[in-house]
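> Requesting a structural model of the entry that follows:
(one chain, ligands or ions: 1)
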Amino acid sequence: MSKIYLKRGREDSLKRFHPWIFSGAIHETEGNPQEGDVCEVISSDGEYLGAGHFQRGSIAVRMLCFDHSVFEGNFWKNKLTAALKMREKEVLKGTSETNAYRLIHGEGDMLPGLIIDYYDGVAVMQAHSAGMFHSRESISNALRDVYGSSLRAVYDKSSSTAPFKAGLNLGDGYIWGESLAKSIIKENGHLFMIDWEGGQKTGFFLDQRVNRMLVKSHSEGKRVLNLFSYTGGFSIYSLAGGAQLVDSVDSSKPAIEMLEKNVALNREASLISAGQVHNSFCTDAIEFLRQSQRDQYDLIIVDPPAFAKHRDSLQNALRAYQRLNFEAISKVSPGGVVFTYSCSQVVDRKSFTEAVFSAAARSGREVRIIGRLSQPADHPVSIYHPEGEYLKGLVLYVE
Ligand code: SAH
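Take a look at the predicted model:
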């Protein structure tokens, strides 16, 4: 077993359960660990602090435990069981109206580097670290143990997330079970076709579930613009909430095609009535907004992809949020509402609010914040790793 010895004083954050060790905190490495190996972590006084996955890069160790549990039997099974128990209590709450959720949310579930989304019997896994990539089989076996006969397949979609520098042999595919390319899930009773093989991320953005319910409650009789619609999460909820009209905009053709299928599915299920209009536009969201008329929409949803993936693109990202929100605030009808989000981890809530504030000031309109939004219970934030709060939203009332 390789050992990582920390520099003096660098054990403090670990004692507060922070899940990362940066390479600069390491005094010495013993045993020549390879990418993704489990290593023991030792303080400068020789005290055992825990164990984690080793990786070359600025985050050198991602902690798996602060005791010896990773070396004992049933580690994965115990972790997945605890995660599922929390989802059953806090997300599913005994209803059958939702059958898709995030089972493992990386650091938020004390498993840094691992994402697992569950779509009614299909677990879709993304490894963001070499260690999690190497653990795929053990994780898949534990999923089978935990779910039993309700699990139909485990799909690994790590090729776009695992660190390519680690020289891993990456290729997406089923680790276990039937090859089911697509499936229809239920989210609060609304129907969505999920394509985990061809879709973005694991196939769906489960993190907006609660925020979609809020949009629904604001939709009755409204003319709605859903920007960055992807497969129509907000559009479907808005129509189901009684919107008069919903225009959805996304630059991805496959997303728009799936969105139209989702509208049809929910019409067939009578969640959307014949008189309600839906239009989709496969185009650039900001251009669409610039060309739209003021007062054309009563409710505008702005949910762009992460504009800043790294700290060096932070300033550009803030300017992009400002431009986008300026257009949305300028265009919404008087007494209208804008739901605006940032899912960039490096943009904190304060900076995002400031960007929206600058946009509002430039528009010259009176704007009030009537809601502050975040991510749902199946995307938990470890209290020891506040950086995990990546989804930030504001609800704006515009006079
Ligand atoms: N609101 C969605 C998730 C949005 S993800 C939901 O609830 O499911 C971001 C989306 O923005 C992706 O679908 C991506 O295709 C789209 N996108 C990225 N750049 C864009 C652009 N410039 N104009 C329009 N859509 C864009």
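> Going by C-alpha atoms from here, please, whenever you check contacts or count neighbours.
Will do.
> How many residues are close by residue 40?
23 (other CA atoms under 10 Å).
> my read: it touches residue 4, true?
Yes: between residue 40 and residue 4 there is a contact at 6.1 Å, judged by CA atoms under 8 Å.
> can you list the residues of the protein near the ligand?
204-205, 208, 228-234, 250-252, 283-285, 303-305 (CA under 6 Å from any ligand atom).
> which of those residues are buried?
Neighbour counting with 16 or more other CA atoms under 10 Å marks 204, 208, 228-234, 250-252, 283, 285, 303-304 as buried within these.
> Sort out for me which of those are in helices.
The members of those that map onto helices under DSSP state H are 233-234, 285.
> show me the contacts for the residue lying farthest from the centre of the chain.
The C-alpha centroid of the chain is most remote from residue 45, which lies 39.0 Å away (CA atoms, centre = their mean). Applying CA atoms under 8 Å, 6 or more residues apart in numbering to residue 45 gives the contacts residue 8.
> can you tell me the average pLDDT over the top helix by length along the chain?
Using DSSP H, we find that the single longest helix of the chain is helix 314-331. For helix 314-331, mean pLDDT rounds to 96.
> Strand partners (parallel or antiparallel) of the helix or strand following it?
Tracing the chain past helix 314-331, the next element assigned as helix or strand by DSSP states H and E is strand 336-342. Here strand 336-342 has these sheet partners by DSSP bridges: strand 299-302 (parallel), strand 392-398 (antiparallel).
> Output the longest helix of the chain as CSV, restricted to C-alpha atoms.
Only the C-alpha atoms of helix 314-331 are listed here, as CSV (Å, rounded to 0.1, in the frame of the first residue of the first chain):
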residue,chain,number,x,y,z
LEU,A,314,-14.3,33.6,-14.8
GLN,A,315,-14.3,37.2,-16.0
ASN,A,316,-15.5,36.2,-19.5
ALA,A,317,-18.2,34.1,-17.9
LEU,A,318,-19.4,37.0,-15.7
ARG,A,319,-19.6,39.3,-18.8
ALA,A,320,-21.6,36.6,-20.6
TYR,A,321,-24.1,36.3,-17.7
GLN,A,322,-24.4,40.0,-17.7
ARG,A,323,-25.2,40.3,-21.5
LEU,A,324,-27.7,37.4,-21.4
ASN,A,325,-29.5,38.7,-18.3
PHE,A,326,-29.6,42.3,-19.7
GLU,A,327,-31.4,41.0,-22.8
ALA,A,328,-33.9,38.9,-20.7
ILE,A,329,-34.7,41.7,-18.2
SER,A,330,-35.0,44.2,-21.1
LYS,A,331,-37.4,42.0,-23.0
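> For that helix, enumerate the helices and strands it packs against.
Applying 3 or more CA pairs under 8 Å, 6 or more residues apart in numbering; DSSP states H and E, one finds that helix 314-331 contacts helix 285-291, strand 299-302, strand 336-342, helix 349-363.
> Give me the neighbour count for residue 128.
Residue 128 has 20 nearby residues by other CA under 10 Å.
> in the worst-scoring helix or strand of the chain on mean pLDDT, what counts as buried?
Among the helices and strands of the chain, helix 12-15 carries the lowest confidence by mean pLDDT, DSSP states H and E, at a mean of 93. By 16+ other CA under 10 Å, the buried positions in helix 12-15 come out as residue 14.
> What are the contacting residues of it?
20-21, 49.
> next SSE after that helix?
strand 20-22.
> And the average pLDDT for that following strand is what?
Strand 20-22 shows a mean pLDDT of 97.
> what's that strand packed up against?
Helices and strands touching strand 20-22, by 3+ CA pairs under 8 Å, 6+ apart, are strand 59-65.
> List the neighbouring strands of the strand it packs on plus their orientation.
Strand 59-65 has these strand partners (DSSP bridges): strand 20-22 (antiparallel), strand 48-54 (antiparallel).
> which of those is buried the deepest?
strand 48-54 (a mean of 22; mean count of other CA atoms under 10 Å).
> circling back: which two of the buried ones among the residues of the chain next to the ligand have the greatest separation?
208 and 283 (22.2 Å; CA to CA).
> From the ones in helices among the buried ones among the residues of the chain next to the ligand, pick the one nearest residue 368.
Looking at these and their distance to residue 368, the nearest is residue 234, at 22.0 Å (CA to CA).
> And for the closest one, nearest residue in space, chain neighbours not counted?
Of all residues not flanking residue 234 in the chain, residue 212 sits nearest, at 5.5 Å (CA to CA, 6 or more residues apart in numbering).
> which residues touch that neighbour?
Applying CA under 8 Å, 6+ apart, the residues contacting residue 212 are 233-234, 237-238.
> Tell me if I am right that residue 144 is in a helix.
Yes: under DSSP: H, G, I helix; E, B strand; the rest coil, residue 144 falls within a helix.
> Turn the helices and strands packed on helix 314-331 into CSV, columns for mean pLDDT.
Converted to CSV, the helices and strands packed on helix 314-331 look like this (pLDDT from 0 to 100):
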stretch, mean pLDDT
helix 285-291, 97
strand 299-302, 98
strand 336-342, 98
helix 349-363, 97
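> right, so of these, which gets closest to residue 29?
helix 349-363 (37.3 Å).
> Now do the buried residues in the closest one.
Those would be 349, 352-353, 355-360, 363, for helix 349-363 by 16+ other CA under 10 Å.
> Kindly report the same for stretch 359-379.
Applying 16+ other CA under 10 Å to stretch 359-379 flags 359-360, 363, 367, 373-379 as buried.
> which residues are in contact with that stretch?
Applying CA under 8 Å, 6+ apart, the contact partners of stretch 359-379 are 87, 90-91, 101-105, 108, 207-211, 322-323, 325-326, 329-330, 389-399.
> which of those residues count as buried?
Neighbour-count burial (16+ other CA under 10 Å) applied to the contacts of stretch 359-379 gives 87, 91, 101-105, 108, 207-211, 322-323, 325-326, 329-330, 389-398.
> still on that earlier bit, now the residue nearest to residue 234, what's its secondary structure?
From three-state DSSP, the assignment for residue 212 is helix.
> list the contacts for residue 189?
Per CA under 8 Å, 6+ apart, neighbours of residue 189: 97-98.
> From residue 47, how far off is it?
Separation of residue 189 from residue 47 (CA to CA, to the nearest Å) stands at 52 Å.
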